[in-house]
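Engineer: Sequence unavailable; structure follows:
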(Lines give C-alpha, C1' and ligand atoms only; values in the text may rest on other atoms or scores of the structure.)
Protein backbone atom coordinates (compact mmCIF):
# COMPACT_ATOMS: atom_id res chain seq x y z
CA UNK A 1 0.00 0.00 0.00
CA UNK A 2 1.10 3.58 -0.66
CA UNK A 3 3.13 5.29 2.03
CA UNK A 4 1.74 8.66 0.96
CA UNK A 5 -1.57 10.53 1.16
CA UNK A 6 -1.89 12.56 -2.07
CA UNK A 7 -3.00 10.29 -4.92
CA UNK A 8 -1.75 9.99 -8.52
CA UNK A 9 -4.01 9.89 -11.61
CA UNK A 10 -2.60 8.70 -14.95
CA UNK A 11 -4.20 9.09 -18.38
CA UNK A 12 -4.44 5.94 -20.47
CA UNK A 13 -3.05 5.93 -24.00
CA UNK A 14 -0.75 4.03 -26.35
CA UNK A 15 2.22 4.44 -24.00
CA UNK A 16 0.37 2.81 -21.10
CA UNK A 17 -1.61 0.18 -23.01
CA UNK A 18 0.67 -2.91 -22.77
CA UNK A 19 -0.46 -5.07 -19.81
CA UNK A 20 3.05 -5.26 -18.39
CA UNK A 21 3.34 -1.45 -18.59
CA UNK A 22 -0.03 -1.03 -16.88
CA UNK A 23 1.08 -3.28 -14.01
CA UNK A 24 4.30 -1.28 -13.70
CA UNK A 25 2.37 1.99 -13.53
CA UNK A 26 0.24 0.69 -10.65
CA UNK A 27 3.34 -0.58 -8.91
CA UNK A 28 5.06 2.79 -9.46
CA UNK A 29 2.20 4.61 -7.78
CA UNK A 30 -0.93 5.13 -9.90
CA UNK A 31 -4.12 5.13 -7.81
CA UNK A 32 -6.65 6.08 -10.50
CA UNK A 33 -6.76 5.99 -14.31
CA UNK A 34 -8.35 8.46 -16.73
CA UNK A 35 -10.01 7.36 -19.97
CA UNK A 36 -9.90 10.38 -22.27
CA UNK A 37 -12.96 10.29 -24.55
CA UNK A 38 -11.54 13.13 -26.65
CA UNK A 39 -9.24 10.54 -28.21
CA UNK A 40 -9.60 6.91 -29.25
CA UNK A 41 -12.61 4.81 -30.16
CA UNK A 42 -14.98 2.97 -27.86
CA UNK A 43 -13.23 -0.33 -28.48
CA UNK A 44 -10.02 1.30 -27.18
CA UNK A 45 -11.72 2.41 -23.97
CA UNK A 46 -13.35 -1.00 -23.46
CA UNK A 47 -10.01 -2.75 -23.94
CA UNK A 48 -8.29 -0.37 -21.52
CA UNK A 49 -11.02 -0.74 -18.92
CA UNK A 50 -10.71 -4.52 -19.01
CA UNK A 51 -6.92 -4.30 -18.76
CA UNK A 52 -7.15 -1.99 -15.74
CA UNK A 53 -9.49 -4.35 -13.91
CA UNK A 54 -7.21 -7.31 -14.64
CA UNK A 55 -4.18 -5.36 -13.39
CA UNK A 56 -6.17 -4.26 -10.33
CA UNK A 57 -6.97 -7.87 -9.45
CA UNK A 58 -3.30 -8.86 -9.73
CA UNK A 59 -2.20 -5.88 -7.63
CA UNK A 60 -4.74 -6.68 -4.91
CA UNK A 61 -5.68 -3.03 -4.37
CA UNK A 62 -8.67 -0.94 -5.43
CA UNK A 63 -7.93 1.21 -8.50
CA UNK A 64 -10.29 3.98 -9.61
CA UNK A 65 -11.24 4.80 -13.21
CA UNK A 66 -12.98 7.85 -14.62
CA UNK A 67 -14.21 8.71 -18.10
CA UNK A 68 -13.34 12.24 -19.19
CA UNK A 69 -15.99 13.52 -21.63
CA UNK A 70 -14.87 15.77 -24.47
CA UNK A 71 -17.48 18.48 -23.99
CA UNK A 72 -18.46 21.05 -26.64
CA UNK A 73 -15.59 22.29 -28.77
CA UNK A 74 -16.19 25.77 -30.18
CA UNK A 75 -14.18 26.33 -33.33
CA UNK A 76 -13.95 28.77 -36.21
CA UNK A 77 -15.15 27.48 -39.56
CA UNK A 78 -13.18 26.68 -42.69
CA UNK A 79 -11.39 29.24 -44.87
CA UNK A 80 -11.31 29.31 -48.67
CA UNK A 81 -7.51 29.18 -48.64
CA UNK A 82 -7.23 27.08 -45.46
CA UNK A 83 -6.14 30.06 -43.37
CA UNK A 84 -6.21 33.83 -43.05
CA UNK A 85 -3.78 36.32 -41.57
CA UNK A 86 -4.91 38.60 -38.75
CA UNK A 87 -2.97 41.86 -38.40
CA UNK A 88 -2.77 43.90 -35.20
CA UNK A 89 -5.43 46.62 -35.11
CA UNK A 90 -7.32 45.24 -38.12
CA UNK A 91 -11.13 45.17 -37.96
CA UNK A 92 -12.57 41.82 -39.00
CA UNK A 93 -16.14 40.60 -39.47
CA UNK A 94 -17.69 37.69 -37.52
CA UNK A 95 -20.68 35.86 -38.95
CA UNK A 96 -22.65 32.76 -37.95
CA UNK A 97 -22.43 30.49 -40.98
CA UNK A 98 -21.15 27.13 -42.20
CA UNK A 99 -19.76 28.72 -45.37
CA UNK A 100 -15.98 29.18 -45.74
CA UNK A 101 -14.49 32.44 -44.52
CA UNK A 102 -11.86 34.60 -46.21
CA UNK A 103 -9.50 37.46 -45.47
CA UNK A 104 -11.26 39.85 -43.06
CA UNK A 105 -14.21 37.46 -42.56
CA UNK A 106 -14.36 34.77 -39.88
CA UNK A 107 -17.36 32.48 -40.05
CA UNK A 108 -18.41 30.58 -36.92
CA UNK A 109 -20.69 27.50 -37.15
CA UNK A 110 -22.10 28.42 -33.72
CA UNK A 111 -25.04 30.87 -34.01
CA UNK A 112 -25.70 30.58 -30.26
CA UNK A 113 -22.22 31.99 -29.62
CA UNK A 114 -22.49 34.84 -32.12
CA UNK A 115 -25.94 35.80 -30.81
CA UNK A 116 -24.69 36.00 -27.22
CA UNK A 117 -21.69 38.25 -27.84
CA UNK A 118 -21.66 41.93 -26.95
CA UNK A 119 -19.28 44.81 -27.54
CA UNK A 120 -16.21 44.42 -25.34
CA UNK A 121 -16.27 40.62 -25.33
CA UNK A 122 -12.91 38.96 -25.93
CA UNK A 123 -12.40 35.91 -28.17
CA UNK A 124 -9.18 33.94 -27.84
CA UNK A 125 -8.33 31.83 -30.87
CA UNK A 126 -6.06 28.82 -31.34
CA UNK A 127 -5.40 28.16 -27.62
CA UNK A 128 -4.96 31.86 -26.92
CA UNK A 129 -2.26 32.50 -29.51
CA UNK A 130 -4.56 35.06 -31.21
CA UNK A 131 -7.09 37.44 -29.69
CA UNK A 132 -9.85 39.70 -30.97
CA UNK A 133 -12.27 42.02 -29.16
CA UNK A 134 -15.86 42.66 -30.31
CA UNK A 135 -16.30 46.36 -31.14
CA UNK A 136 -19.70 46.46 -32.83
CA UNK A 137 -22.82 44.25 -32.80
CA UNK A 138 -25.05 44.21 -35.87
CA UNK A 139 -28.16 42.23 -36.81
CA UNK A 140 -26.34 39.44 -38.64
CA UNK A 141 -22.67 40.31 -38.25
CA UNK A 142 -20.22 41.49 -35.62
CA UNK A 143 -17.10 43.61 -35.94
CA UNK A 144 -13.99 42.83 -33.92
CA UNK A 145 -10.54 44.36 -33.48
CA UNK A 146 -7.42 42.19 -33.67
CA UNK A 147 -5.45 42.47 -30.41
CA UNK A 148 -2.90 39.68 -31.02
CA UNK A 149 -2.32 38.87 -34.67
CA UNK A 150 -1.02 35.87 -36.55
CA UNK A 151 -2.17 33.11 -38.88
CA UNK A 152 -5.62 31.63 -38.16
CA UNK A 153 -6.14 28.21 -39.72
CA UNK A 154 -9.22 26.07 -40.35
CA UNK A 155 -11.27 24.94 -37.33
CA UNK A 156 -9.02 26.35 -34.63
CA UNK A 157 -10.53 26.59 -31.16
CA UNK A 158 -12.38 29.61 -29.76
CA UNK A 159 -12.46 30.57 -26.09
CA UNK A 160 -14.69 33.33 -24.71
CA UNK A 161 -13.50 34.20 -21.18
CA UNK A 162 -15.80 37.20 -20.78
CA UNK A 163 -19.15 35.51 -21.38
CA UNK A 164 -21.15 32.48 -20.30
CA UNK A 165 -21.97 30.74 -23.57
CA UNK A 166 -25.54 29.37 -23.84
CA UNK A 167 -24.37 25.85 -24.72
CA UNK A 168 -24.97 22.66 -22.75
CA UNK A 169 -21.92 20.98 -21.23
CA UNK A 170 -23.10 17.74 -22.86
CA UNK A 171 -23.07 17.38 -26.63
CA UNK A 172 -24.81 14.52 -28.41
CA UNK A 173 -21.44 12.74 -28.60
CA UNK A 174 -20.98 13.25 -24.86
CA UNK A 175 -24.39 11.73 -24.12
CA UNK A 176 -23.55 8.66 -26.17
CA UNK A 177 -20.10 8.40 -24.59
CA UNK A 178 -21.63 8.86 -21.14
CA UNK A 179 -24.02 5.96 -21.60
CA UNK A 180 -21.20 3.80 -22.92
CA UNK A 181 -18.85 4.71 -20.05
CA UNK A 182 -21.52 3.89 -17.48
CA UNK A 183 -22.01 0.48 -19.11
CA UNK A 184 -18.24 -0.06 -18.84
CA UNK A 185 -18.53 0.47 -15.09
CA UNK A 186 -16.36 3.58 -14.60
CA UNK A 187 -16.31 5.03 -11.09
CA UNK A 188 -16.57 8.70 -12.09
CA UNK A 189 -17.61 10.79 -15.07
CA UNK A 190 -15.49 13.93 -15.62
CA UNK A 191 -17.72 16.68 -16.97
CA UNK A 192 -16.05 19.22 -19.28
CA UNK A 193 -17.14 22.79 -20.03
CA UNK A 194 -18.90 23.33 -16.67
CA UNK A 195 -20.05 26.95 -16.61
CA UNK A 196 -22.95 26.87 -14.16
CA UNK A 197 -24.42 24.63 -11.42
CA UNK A 198 -27.19 23.68 -13.84
CA UNK A 199 -24.61 21.85 -15.97
CA UNK A 200 -23.89 19.51 -13.06
CA UNK A 201 -27.61 19.02 -12.35
CA UNK A 202 -28.16 18.08 -16.02
CA UNK A 203 -25.42 15.45 -15.82
CA UNK A 204 -26.72 14.13 -12.50
CA UNK A 205 -30.16 13.55 -14.02
CA UNK A 206 -28.54 11.28 -16.62
CA UNK A 207 -26.01 9.56 -14.34
CA UNK A 208 -28.03 9.10 -11.17
CA UNK A 209 -26.01 7.09 -8.67
CA UNK A 210 -24.25 4.90 -11.26
CA UNK A 211 -21.06 6.97 -11.03
CA UNK A 212 -19.68 10.04 -9.29
CA UNK A 213 -19.34 13.37 -11.10
CA UNK A 214 -16.01 15.19 -11.40
CA UNK A 215 -16.67 18.79 -12.44
CA UNK A 216 -13.77 20.14 -14.49
CA UNK A 217 -13.25 23.81 -13.67
CA UNK A 218 -11.89 25.31 -16.87
CA UNK A 219 -14.19 28.32 -17.44
CA UNK A 220 -13.96 31.65 -15.57
CA UNK A 221 -17.77 31.67 -15.28
CA UNK A 222 -17.55 28.53 -13.11
CA UNK A 223 -15.29 30.33 -10.64
CA UNK A 224 -18.04 32.84 -9.83
CA UNK A 225 -20.25 30.00 -8.52
CA UNK A 226 -17.57 27.58 -7.44
CA UNK A 227 -19.07 26.78 -4.02
CA UNK A 228 -22.41 25.64 -5.47
CA UNK A 229 -20.73 23.67 -8.28
CA UNK A 230 -18.49 21.91 -5.75
CA UNK A 231 -21.45 21.13 -3.50
CA UNK A 232 -23.32 19.46 -6.39
CA UNK A 233 -20.27 17.46 -7.51
CA UNK A 234 -18.60 14.36 -6.09
CA UNK A 235 -15.15 15.72 -6.97
CA UNK A 236 -13.63 18.62 -8.91
CA UNK A 237 -10.67 19.05 -11.23
CA UNK A 238 -8.51 22.14 -11.66
CA UNK A 239 -8.33 21.83 -15.46
CA UNK A 240 -5.52 24.24 -16.10
CA UNK A 241 -5.43 23.72 -19.87
CA UNK A 242 -8.47 25.74 -20.94
CA UNK A 243 -8.40 27.69 -17.68
CA UNK A 244 -4.94 28.91 -18.66
CA UNK A 245 -6.25 30.02 -22.04
CA UNK A 246 -9.23 31.91 -20.68
CA UNK A 247 -7.48 33.54 -17.72
CA UNK A 248 -4.34 35.68 -17.71
CA UNK A 249 -1.37 33.48 -16.74
CA UNK A 250 -0.89 35.25 -13.42
CA UNK A 251 -4.49 34.46 -12.42
CA UNK A 252 -4.26 30.67 -12.90
CA UNK A 253 -2.36 29.94 -9.64
CA UNK A 254 -4.87 32.09 -7.75
CA UNK A 255 -7.79 30.23 -9.34
CA UNK A 256 -6.14 26.90 -8.46
CA UNK A 257 -5.87 27.92 -4.83
CA UNK A 258 -9.49 29.10 -4.76
CA UNK A 259 -10.81 25.83 -6.25
CA UNK A 260 -8.75 23.68 -3.86
CA UNK A 261 -9.99 25.65 -0.86
CA UNK A 262 -13.62 25.38 -1.98
CA UNK A 263 -13.28 21.62 -2.47
CA UNK A 264 -11.57 21.07 0.87
CA UNK A 265 -14.19 23.14 2.67
CA UNK A 266 -16.95 20.98 1.17
CA UNK A 267 -15.07 17.71 1.74
CA UNK A 268 -14.86 16.91 -1.97
CA UNK A 269 -11.76 15.36 -3.58
CA UNK A 270 -9.88 17.81 -5.81
CA UNK A 271 -7.50 16.91 -8.66
CA UNK A 272 -4.88 19.30 -10.05
CA UNK A 273 -4.28 18.57 -13.73
CA UNK A 274 -2.49 19.66 -16.93
CA UNK A 275 1.20 20.34 -17.61
CA UNK A 276 2.39 18.89 -14.33
CA UNK A 277 5.44 17.07 -15.75
CA UNK A 278 4.96 18.07 -19.39
CA UNK A 279 8.64 17.92 -20.33
CA UNK A 280 8.62 14.19 -19.47
CA UNK A 281 6.63 13.47 -22.61
CA UNK A 282 10.11 13.41 -24.15
CA UNK A 283 12.69 13.91 -21.38
CA UNK A 284 13.62 11.33 -18.74
CA UNK A 285 13.51 13.91 -15.93
CA UNK A 286 11.26 16.91 -15.20
CA UNK A 287 12.29 20.53 -15.03
CA UNK A 288 12.81 22.13 -11.62
CA UNK A 289 9.77 24.32 -12.24
CA UNK A 290 7.59 21.24 -12.88
CA UNK A 291 8.76 19.57 -9.69
CA UNK A 292 7.92 22.76 -7.81
CA UNK A 293 4.49 22.89 -9.48
CA UNK A 294 3.60 19.37 -8.30
CA UNK A 295 4.88 20.17 -4.82
CA UNK A 296 2.77 23.34 -4.66
CA UNK A 297 -0.41 21.39 -5.40
CA UNK A 298 0.48 18.93 -2.62
CA UNK A 299 1.26 21.72 -0.15
CA UNK A 300 -2.14 23.27 -0.93
CA UNK A 301 -3.85 20.03 0.13
CA UNK A 302 -4.91 18.60 -3.24
CA UNK A 303 -6.29 15.05 -3.08
CA UNK A 304 -4.65 14.04 -6.35
CA UNK A 305 -2.31 15.23 -9.09
CA UNK A 306 -2.73 14.07 -12.67
CA UNK A 307 -0.54 13.05 -15.59
CA UNK A 308 -1.94 13.59 -19.10
CA UNK A 309 0.28 13.21 -22.17
CA UNK A 310 3.12 12.10 -19.89
CA UNK A 311 1.46 8.71 -19.31
CA UNK A 312 -0.73 8.55 -22.42
CA UNK A 313 1.84 9.10 -25.19
CA UNK A 314 5.05 9.93 -23.35
CA UNK A 315 8.34 8.08 -23.71
CA UNK A 316 8.76 7.55 -19.96
CA UNK A 317 5.33 6.93 -18.36
CA UNK A 318 6.61 4.79 -15.50
CA UNK A 319 9.38 7.27 -14.69
CA UNK A 320 6.87 10.13 -14.68
CA UNK A 321 4.73 8.28 -12.12
CA UNK A 322 7.75 7.34 -10.01
CA UNK A 323 9.07 10.91 -9.96
CA UNK A 324 5.64 12.31 -9.09
CA UNK A 325 5.47 9.75 -6.27
CA UNK A 326 8.88 10.91 -4.97
CA UNK A 327 7.87 14.58 -5.05
CA UNK A 328 4.70 13.85 -3.08
CA UNK A 329 6.59 11.81 -0.48
CA UNK A 330 9.18 14.56 -0.08
CA UNK A 331 6.50 17.16 0.61
CA UNK A 332 4.67 14.88 3.05
CA UNK A 333 7.89 14.38 5.01
CA UNK A 334 8.19 18.15 5.48
CA UNK A 335 6.94 19.38 8.88
CA UNK A 336 5.86 22.67 7.27
CA UNK A 337 3.39 20.69 5.15
CA UNK A 338 1.63 19.34 8.24
CA UNK A 339 1.78 22.72 9.96
CA UNK A 340 0.15 24.45 6.98
CA UNK A 341 -2.67 21.95 6.29
CA UNK A 342 -4.90 23.06 9.21
CA UNK A 343 -4.87 26.67 7.96
CA UNK A 344 -7.33 25.83 5.19
CA UNK A 345 -9.62 23.65 7.28
CA UNK A 346 -13.16 24.86 7.84
CA UNK A 347 -15.31 24.22 10.93
CA UNK A 348 -17.28 20.94 10.77
CA UNK A 349 -21.00 21.01 10.20
CA UNK A 350 -23.24 20.51 13.22
CA UNK A 351 -23.85 16.83 12.52
CA UNK A 352 -23.02 13.72 14.53
CA UNK A 353 -20.93 12.32 11.67
CA UNK A 354 -18.79 15.48 11.38
CA UNK A 355 -18.32 15.64 15.14
CA UNK A 356 -17.21 12.00 15.21
CA UNK A 357 -14.74 12.56 12.33
CA UNK A 358 -13.22 15.62 14.01
CA UNK A 359 -13.00 13.79 17.35
CA UNK A 360 -11.26 10.86 15.67
CA UNK A 361 -8.53 13.15 14.36
CA UNK A 362 -8.06 14.81 17.77
CA UNK A 363 -7.91 11.42 19.49
CA UNK A 364 -5.42 10.10 16.92
CA UNK A 365 -3.21 13.19 17.35
CA UNK A 366 -3.36 13.04 21.16
CA UNK A 367 -2.64 9.32 21.42
CA UNK A 368 -0.26 9.11 18.48
CA UNK A 369 -2.56 6.51 16.93
CA UNK A 370 -1.24 4.43 14.04
CA UNK A 371 -4.42 4.91 12.01
CA UNK A 372 -8.07 5.88 11.91
CA UNK A 373 -10.24 3.07 10.57
CA UNK A 374 -13.56 4.11 9.04
CA UNK A 375 -16.32 1.62 8.26
CA UNK A 376 -18.11 2.99 5.22
CA UNK A 377 -20.70 1.74 2.74
CA UNK A 378 -21.02 4.80 0.51
CA UNK A 379 -17.63 6.32 1.25
CA UNK A 380 -19.02 9.34 3.10
CA UNK A 381 -17.53 8.38 6.49
CA UNK A 382 -14.02 8.01 5.03
CA UNK A 383 -14.48 11.29 3.15
CA UNK A 384 -15.40 13.09 6.35
CA UNK A 385 -12.30 11.87 8.15
CA UNK A 386 -10.05 12.62 5.15
CA UNK A 387 -11.40 16.19 5.12
CA UNK A 388 -9.74 16.63 8.53
CA UNK A 389 -6.36 15.58 7.04
CA UNK A 390 -5.24 13.30 9.93
CA UNK A 391 -1.51 12.70 9.94
CA UNK A 392 -1.95 8.97 10.56
CA UNK A 393 -4.12 8.56 7.45
CA UNK A 394 -7.40 6.68 7.06
CA UNK A 395 -8.17 3.02 6.43
CA UNK A 396 -11.56 2.62 4.76
CA UNK A 397 -13.25 -0.72 5.37
CA UNK A 398 -16.15 -1.31 3.03
CA UNK A 399 -18.18 -4.31 1.86
CA UNK A 400 -18.66 -2.64 -1.56
CA UNK A 401 -15.81 -2.81 -4.09
CA UNK A 402 -17.22 0.15 -6.08
CA UNK A 403 -16.93 2.30 -2.95
CA UNK A 404 -13.32 1.21 -2.49
CA UNK A 405 -12.56 2.25 -6.07
CA UNK A 406 -14.12 5.68 -5.61
CA UNK A 407 -12.06 6.22 -2.47
CA UNK A 408 -8.89 5.60 -4.50
CA UNK A 409 -9.15 9.29 -5.44
CA UNK A 410 -9.40 10.57 -1.86
CA UNK A 411 -6.48 11.98 0.15
CA UNK A 412 -5.00 9.62 2.70
CA UNK A 413 -7.54 6.79 2.32
CA UNK A 414 -6.34 3.19 1.92
CA UNK A 415 -9.21 0.80 1.37
CA UNK A 416 -9.85 -2.85 2.19
CA UNK A 417 -12.94 -4.71 1.03
CA UNK A 418 -14.39 -6.70 3.96
CA UNK A 419 -17.76 -8.03 5.05
CA UNK A 420 -19.71 -5.60 7.19
CA UNK A 421 -19.18 -5.98 10.94
CA UNK A 422 -21.85 -7.83 12.92
CA UNK A 423 -21.15 -6.22 16.30
CA UNK A 424 -18.59 -4.04 18.09
CA UNK A 425 -16.23 -6.93 18.83
CA UNK A 426 -16.30 -7.99 15.18
CA UNK A 427 -15.71 -4.35 14.18
CA UNK A 428 -12.54 -4.21 16.27
CA UNK A 429 -11.38 -7.62 15.07
CA UNK A 430 -11.74 -6.69 11.39
CA UNK A 431 -9.98 -3.36 11.97
CA UNK A 432 -7.13 -5.17 13.72
CA UNK A 433 -6.69 -7.56 10.79
CA UNK A 434 -6.81 -4.69 8.25
CA UNK A 435 -4.14 -2.48 9.85
CA UNK A 436 -1.86 -5.49 10.25
CA UNK A 437 -2.41 -6.55 6.64
CA UNK A 438 -1.57 -3.03 5.41
CA UNK A 439 1.54 -2.92 7.59
CA UNK A 440 0.62 0.37 9.24
CA UNK A 441 0.25 -0.85 12.82
CA UNK A 442 2.14 -3.21 15.10
CA UNK A 443 1.44 -4.90 18.41
CA UNK A 444 0.76 -2.28 21.06
CA UNK A 445 -0.19 0.53 18.64
CA UNK A 446 -3.44 2.35 19.22
CA UNK A 447 -6.06 2.57 16.48
CA UNK A 448 -9.25 4.67 16.42
CA UNK A 449 -12.30 3.10 14.73
CA UNK A 450 -15.44 4.95 13.67
CA UNK A 451 -18.62 3.36 12.40
CA UNK A 452 -22.40 3.54 12.41
CA UNK A 453 -24.48 1.39 14.71
CA UNK A 454 -26.59 -0.51 13.86
CA UNK A 455 -24.17 -1.87 11.23
CA UNK A 456 -25.15 -2.04 7.59
CA UNK A 457 -27.11 1.21 7.57
CA UNK A 458 -25.33 3.90 5.52
CA UNK A 459 -25.21 7.49 6.72
CA UNK A 460 -25.34 6.70 10.44
CA UNK A 461 -21.79 7.39 11.68
CA UNK A 462 -22.26 7.64 15.44
CA UNK A 463 -19.60 5.52 17.17
CA UNK A 464 -15.91 5.82 17.97
CA UNK A 465 -13.77 3.16 19.62
CA UNK A 466 -10.05 3.05 20.47
CA UNK A 467 -8.21 -0.24 20.78
CA UNK A 468 -4.65 -1.55 20.99
CA UNK A 469 -3.35 -3.90 18.34
CA UNK A 470 -2.68 -7.29 19.96
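Structural biologist: Sure, I can see it. Source: prediction; values computed, not measured.
Engineer: Quick check: neighbours of whatever helix or strand residue 132 lives in in the sheet, parallel or antiparallel?
Structural biologist: According to DSSP states H and E, residue 132 maps onto strand 130-137. Looking at strand 130-137 with DSSP bridges, its partner strands are strand 122-125 (antiparallel), strand 141-148 (antiparallel).
Engineer: tell me the most buried of those?
Structural biologist: Compared across the strands paired with strand 130-137, strand 122-125 shows the largest average neighbour count, a mean of 22 (mean count of other Cβ atoms under 10 Å). Placement of C-beta: from N, CA and C, glycine included.
Engineer: Contacts for that one, please.
Structural biologist: Residues outside strand 122-125 that contact it (Cβ atoms under 8 Å, 6 or more residues apart in numbering) are 76, 117, 130-134, 144, 147, 152, 156-162, 245-246.
Engineer: filter those to the buried ones?
Structural biologist: Neighbour counting by 16 or more other Cβ atoms under 10 Å classes 76, 117, 130-132, 134, 144, 152, 157-162, 245-246 among those as buried.
Engineer: Can you tell me which of those lies closest to residue 217?
Structural biologist: Closest approach to residue 217 among these (Cβ to Cβ): residue 246, at 10.9 Å.
Engineer: Wait, residue 444 touches residue 468, no?
Structural biologist: Yes. Counting by Cβ atoms under 8 Å, residue 444 touches residue 468, with 6.1 Å between them.
Engineer: These two - which one has more neighbours?
Structural biologist: A direct count of neighbours by other Cβ atoms under 10 Å for residue 444 and residue 468 places residue 468 higher, at 12 against 9.
Engineer: beta partners of that one?
Structural biologist: residue 446.
Engineer: can you list the residues that contact the longest helix seen in the chain?
Structural biologist: Counting by DSSP state H, the longest helix found in the chain is helix 42-59. By Cβ under 8 Å, 6+ apart, the residues outside helix 42-59 that reach it are 12, 17, 19, 22-23, 26-27, 33, 35, 37, 62-63, 65, 67, 177, 180-181, 184-186.
Engineer: buried sites along that helix?
Structural biologist: Of all the residues in helix 42-59, those buried under the rule 16+ other Cβ under 10 Å are 44, 45, 48, 49, 51, 52, 55, 56.
Engineer: Over to stretch 211-222?
Structural biologist: Using 16+ other Cβ under 10 Å as the test for burial, stretch 211-222 gives 211, 212, 213, 214, 215, 216, 217, 218, 219, 220, 221, 222.
Engineer: what's the most distant pair in these?
Structural biologist: 211 and 220 (27.1 Å).
Engineer: before we move on, back to that, make a markdown table out of the buried residues of stretch 211-222 and add distance to residue 392, secondary structure and pLDDT.
Structural biologist: Putting the buried residues of stretch 211-222 into a markdown table (distance: Cβ to Cβ, whole Å; DSSP: H, G, I helix; E, B strand; the rest coil; pLDDT from 0 to 100) gives the following:
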| residue | distance to residue 392 | secondary structure | pLDDT |
| --- | --- | --- | --- |
| 211 | 30 | coil | 98 |
| 212 | 26 | strand | 98 |
| 213 | 30 | strand | 98 |
| 214 | 27 | strand | 98 |
| 215 | 30 | strand | 98 |
| 216 | 32 | strand | 98 |
| 217 | 31 | strand | 97 |
| 218 | 35 | coil | 94 |
| 219 | 38 | coil | 93 |
| 220 | 39 | helix | 93 |
| 221 | 40 | helix | 93 |
| 222 | 35 | helix | 96 |
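Engineer: Give me the domain ranges for the protein.
Structural biologist: According to automatic domain parsing, the chain comprises the domains 7-71+168-334, 83-159, 347-468.
Engineer: Turn those into CSV, columns for distance to residue 341.
Structural biologist: Listed next are the domains of the chain as CSV, based on distance: least, Cβ to Cβ, whole Å:
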stretch, distance to residue 341
domain 7-71+168-334, 6
domain 83-159, 34
domain 347-468, 5
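Engineer: Could you tell me the least trusted of those domains?
Structural biologist: With a mean of 92, domain 347-468 has the lowest mean pLDDT of these.
Engineer: what about residue 321, how many residues close to it?
Structural biologist: When neighbours are counted by other Cβ under 10 Å, residue 321 comes out with 25.
Engineer: Can you tell me the SS state at it?
Structural biologist: helix (DSSP: H, G, I helix; E, B strand; the rest coil).
Engineer: ok, now which ones touch it?
Structural biologist: 8, 10, 25, 28, 29, 30, 307, 311.
Engineer: among those residues, which are in helices?
Structural biologist: 25, 28, 311.
Engineer: The first one against residue 317, yeah?
Structural biologist: Yes. The pair residue 25 / residue 317 is scored as a contact, 6.3 Å apart, by Cβ under 8 Å.
Engineer: Return every residue with contacts to both of those two.
Structural biologist: What both residue 25 and residue 317 touch, as defined by Cβ under 8 Å, 6+ apart, is the set 10, 16, 311.
Engineer: For the residues you listed, pick the one with the most neighbours.
Structural biologist: residue 311 (30 neighbours).
Engineer: Please name the residues that touch that residue.
Structural biologist: Residue 311 neighbours (Cβ under 8 Å, 6+ apart): 10, 11, 12, 13, 15, 16, 25, 30, 317, 320, 321.
Engineer: So what touches the helix or strand containing residue 255?
Structural biologist: Under the criterion of DSSP H and E, residue 255 resides in helix 252-266. With contacts defined as Cβ under 8 Å, 6+ apart, helix 252-266 is touched by 217, 223, 226-227, 230-231, 235-236, 238, 240, 243-244, 247, 269-270, 272, 296-297, 300-303, 344-346, 387.
Engineer: Can you say which of the residues you listed are buried?
Structural biologist: The neighbour count (16+ other Cβ under 10 Å) marks 217, 223, 226, 230, 235-236, 238, 240, 243-244, 247, 269-270, 272, 297, 300-303, 387 as buried among the contacts of helix 252-266.
Engineer: continuing past whatever helix or strand residue 384 lives in, what's the next helix or strand?
Structural biologist: Using DSSP H and E, residue 384 sits within helix 380-387. For helix 380-387, the following helix or strand on the C-terminal side (DSSP H and E) is strand 394-398.
Engineer: what's the angle from that following strand to helix 380-387?
Structural biologist: 170 degrees (axes from the mean of the first three to the mean of the last three Cα atoms, to 10 degrees).
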